[in-house]
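Chemist: Fold the following.
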Amino acid sequence: MNHDTICALATANGIGAIGIIRISGDDAISVSSKIFDGKNINKADSHTVHYGFIKDEDEVIDEVMVSVFKAPKTFTAEDSVEISFHGSPHIAKKILEVLIKNGARMAKAGEFTMRAFMNGRIDLSQAESIADLIASENEASRKVALNQLKGGITNEISVLRTDLLNFTSLVELELDFAEEDVEFADRTALTMSLHRTEEKLRSLIDSFKYGNAIKNGVDVAIIGKPNAGKSTLLNALLKEERAIVSEIAGTTRDTIEEVLHINGTAFRFIDTAGIRETSDIIEEIGVKKAKEKIETAKILLYLYDELDSTPEEVILFIKEFYRHDLKIILLHNKIDLQNGYFENEFDAQLKAELFPEYTSEIIAISAKNKTGIESLKSELSDYIQNMETQENTIITNQRHYEALQKSLESVKKVEEAITGNISTELLAYELRYALEYLGEISGEFTNDEVLGNIFSKFCIGK
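Modeler: Numbering: from 1, shown residues only. This is a model prediction of the structure:
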């Protein structure tokens, strides 16, 4: 890997009390010393901080503190320098310009972290966890990202790979003695090991549903007939007038999306156009968008008003859009018009037709008076809690999830190979694939295209 010296702003753009510029590479210290008027940092000890000025020839740019870090005990495992300056965007620009003039170059997105990976300081899953940690918006996602940064998933995968690697070595040895027709790898012990591996892989894969929810949030589609109270419900949840409310049916023509955090989890509520047959071209587009949102949502809130609906209409709609991974909550709205809520024949018919296969929840609400809103929030929070897993390591990364699925398929093929008494050569082939997919997670097996895609999503300076 090219170890030329890179530099970038490590703090957020904009005005602040201080800003930090990070420099890394073989000449990081010598390049920085050329522009630093203070102690000779070429002779400074590692992990020391020095006061002085950044100069461009005779012009003083700013009064700064310079921190020196010498390889290999640095984030990138290279010589590194950090310049703390007064947090002006103009000063940052001037310091970067003078660094580049003296031999550094601007870092690409994620290049510091990529160097840490390439230099063996961290593995690929740890590198990705750094981006997740920076992007974490709640306590749960912070804890998961921090666990992965500390090597959580790497340790889990390492144990699985070690078992498979031991058996793969014995199977490969059999290939060297193919003419003697000997068996070094105990097939019974291998099968037991594969069962343990398969069980662990399934557990990690199952944790992704929860991990994805706490990392990326949960899409919640608010659906119902026109004028059912969808926009009023969104406003009640957000405690602000976000959506236009009108007695005129069909007011909402487009989707409105807002995020609400409930007990640390982000729920993305999507207010949609009322679903009905219409000749209005604009409203028809809105109805089409509403149906598209249903297809991607994890939770469906279906509002109905029994004064303007029939049980048959509600039942038909729910059955049309039901899928096994969609949680459906029925919201009996406008109970303020009924002098309170009591279960009647309408809801009894819904329960008879829809419980428990399609849904098991009917919550009575008045979106207008904000009655039942807390019950709805509690039900949404329970949705997350019911997904919680006993796994110490939670999968939040789509790439890890797909690699684990491929690994599981390969392990199952190895099991089938043993059961079918196929040739040692084919058995070795399937074992190698299982090892390779597991290795993709930590970066032991990867390619430049995958690396480029991962690190391009990082911010510059990290």
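Chemist: Go through the helix or strand harbouring Leu170 and flag the buried ones.
Modeler: In the assignment (DSSP states H and E), Leu170 maps to helix 152-176. For helix 152-176, burial by neighbour count (16 or more other CB atoms under 10 Å) applies to 152-154, 156-157, 160-161, 164, 167-168, 170-172, 174. For the C-beta atoms, the positions are set from N, CA and C on the backbone; glycine is no exception.
Chemist: what mean pLDDT would you report for that helix?
Modeler: Mean pLDDT, helix 152-176: 79.
Chemist: still on that earlier bit, can I get the buried residues of helix 152-176 in CSV including distance to Tyr51?
Modeler: Below are the buried residues of helix 152-176 laid out as CSV (distance: CB to CB, whole Å):
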residue, distance to Tyr51
Gly152, 40
Ile153, 42
Thr154, 40
Glu156, 46
Ile157, 45
Leu160, 51
Arg161, 49
Leu164, 54
Phe167, 59
Thr168, 57
Leu170, 61
Val171, 62
Glu172, 60
Glu174, 66
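Chemist: how near is Glu240 to Ser366?
Modeler: Taking CB to CB, to the nearest Å as the measure, Glu240 falls 18 Å from Ser366.
Chemist: Quick check on the two: which one has the bigger neighbour count.
Modeler: Ser366 (22 against 10; other CB atoms under 10 Å).
Chemist: burial measure for the residue nearest to that one when sequence neighbours are not counted, as a count.
Modeler: The shortest distance from Ser366 to any non-neighbouring residue, by CB to CB, 6 or more residues apart in numbering, is to Asp336 (4.0 Å). For Asp336, the count of nearby residues is 14 (other CB under 10 Å).
Chemist: go on, Gly14?
Modeler: 10.
Chemist: hang on, it is in a helix, isn't it?
Modeler: No. Counting by DSSP: H, G, I helix; E, B strand; the rest coil, Gly14 is not part of a helix but coil.
Chemist: Let me see the residues that make contact with stretch 371-378.
Modeler: The contact list for stretch 371-378, computed with CB atoms under 8 Å, 6 or more residues apart in numbering, reads 236-237, 262, 301, 329, 331, 335-336, 363-367.
Chemist: 7 Å instead, please
Modeler: Ala236, Leu237, Ile262, Ile335, Asp336, Ile363, Ala364, Ile365, Ser366 (CB atoms under 7 Å, 6 or more residues apart in numbering).
Chemist: For those residues, pick the one with the most neighbours.
Modeler: Among those, the one with the most neighbours (other CB under 10 Å) is Ile365, at 26 neighbours.
Chemist: any idea how far the nearest residue to it once chain neighbours are set aside lies from Gly229?
Modeler: Excluding its sequence neighbours, the residue lying closest to Ile365 (CB to CB, 6+ apart) is Gly372, at 3.4 Å. Per CB to CB, Gly372 is found 12 Å from Gly229.
Chemist: Between these two, point out the one with more neighbours.
Modeler: The neighbour count for Gly372 versus Gly229, taken as other CB under 10 Å, is higher for Gly229 (23 against 20).
Chemist: Help me confirm that that one comes into contact with Leu301.
Modeler: No. At 10.8 Å, Gly229 and Leu301 do not qualify as touching, with contact defined as CB atoms under 7 Å.
Chemist: Next, Asp219: phi, psi?
Modeler: phi -80, psi 120 (degrees, to the nearest 10).
Chemist: tally of neighbours for it?
Modeler: 18.
Chemist: contacting residues for it?
Modeler: Contacts of Asp219 by CB under 7 Å, 6+ apart are Arg268, Ile270, Thr296, Ala297, Lys298.
Chemist: In PyMOL, how would I select just the buried ones from those?
Modeler: This is the PyMOL syntax for the buried subset of these, where burial follows 16+ other CB under 10 Å:
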select buried, resi 268+270+297+298
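Chemist: the domain parsing of the chain - what is it?
Modeler: Per automatic domain parsing, the domain ranges recorded for the chain read 6-121, 130-211+397-443, 222-385.
Chemist: for this structure, what helix or strand is lowest in average pLDDT?
Modeler: None of the helices or strands of the chain scores lower by mean pLDDT, DSSP states H and E than helix 281-296, at a mean of 70.
Chemist: After that helix, which helix or strand is next?
Modeler: Counting by DSSP H and E, what follows helix 281-296 is strand 299-304.
Chemist: ok, that following strand: who's next to it in the sheet?
Modeler: Within its sheet, strand 299-304 is paired with strand 218-224 (parallel), strand 327-332 (parallel), according to DSSP bridges.
Chemist: Leu380 is nearest to which of these?
Modeler: strand 218-224 (7.3 Å; CB to CB).
Chemist: In the stretch 51-200 of the chain, where is pLDDT below threshold?
Modeler: Scanning the stretch 51-200 of the chain for pLDDT under 70 picks out the ranges 174-185.
Chemist: same for the longest helix along the chain, what does it pack against?
Modeler: Assignment by DSSP state H gives helix 187-216 as the longest helix of the chain. In terms of contacts (3 or more CB pairs under 7 Å, 6 or more residues apart in numbering; DSSP states H and E), helix 187-216 is packed against helix 139-149, helix 152-176, helix 398-419.
Chemist: would you turn those into a markdown table with distance to Thr191?
Modeler: Formatted as a markdown table, these follow (distance: least, CB to CB, whole Å):
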| stretch | distance to Thr191 |
| --- | --- |
| helix 139-149 | 31 |
| helix 152-176 | 10 |
| helix 398-419 | 6 |
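Chemist: closest one to Leu350 among those?
Modeler: helix 139-149 (33.7 Å).
Chemist: quick one: contacts for the closest residue to Phe321 other than its chain neighbours?
Modeler: Closest residue to Phe321 apart from its sequence neighbours, by CB to CB, 6+ apart: Ile294 at 5.1 Å. By CB under 7 Å, 6+ apart, the contact set of Ile294 is Ala221, Ile223, Leu300, Phe321.
Chemist: Can you give me the neighbour number for the closest residue to the third one other than its chain neighbours?
Modeler: So the one you mean is Leu300. Among residues not flanking Leu300 along the chain, Ile328 sits closest, at 4.8 Å (CB to CB, 6+ apart). For Ile328, the neighbour count with other CB under 10 Å is 19.
Chemist: Make 877 the starting number, not 1.
Modeler: Got it, first residue is 877 now, which makes that one Ile1204.
Chemist: do you know how far Ile1204 is from Tyr1086?
Modeler: On the measure of CB to CB, Ile1204 and Tyr1086 end up 19 Å apart.
Chemist: Then Thr1038?
Modeler: Distance, Thr1038 to Tyr1086, using CB to CB: 27 Å.
Chemist: Over to Ile1146?
Modeler: 21 Å.
Chemist: still on that earlier bit, of the helices and strands packed on helix 1063-1092, which is nearest His966?
Modeler: helix 1015-1025 (33.3 Å).
Chemist: Compute the inter-axis angle for the closest one and helix 1028-1052.
Modeler: What separates the directions of helix 1015-1025 and helix 1028-1052 is an angle of 40 degrees, with axes from the mean of the first three to the mean of the last three CA atoms, to 10 degrees.
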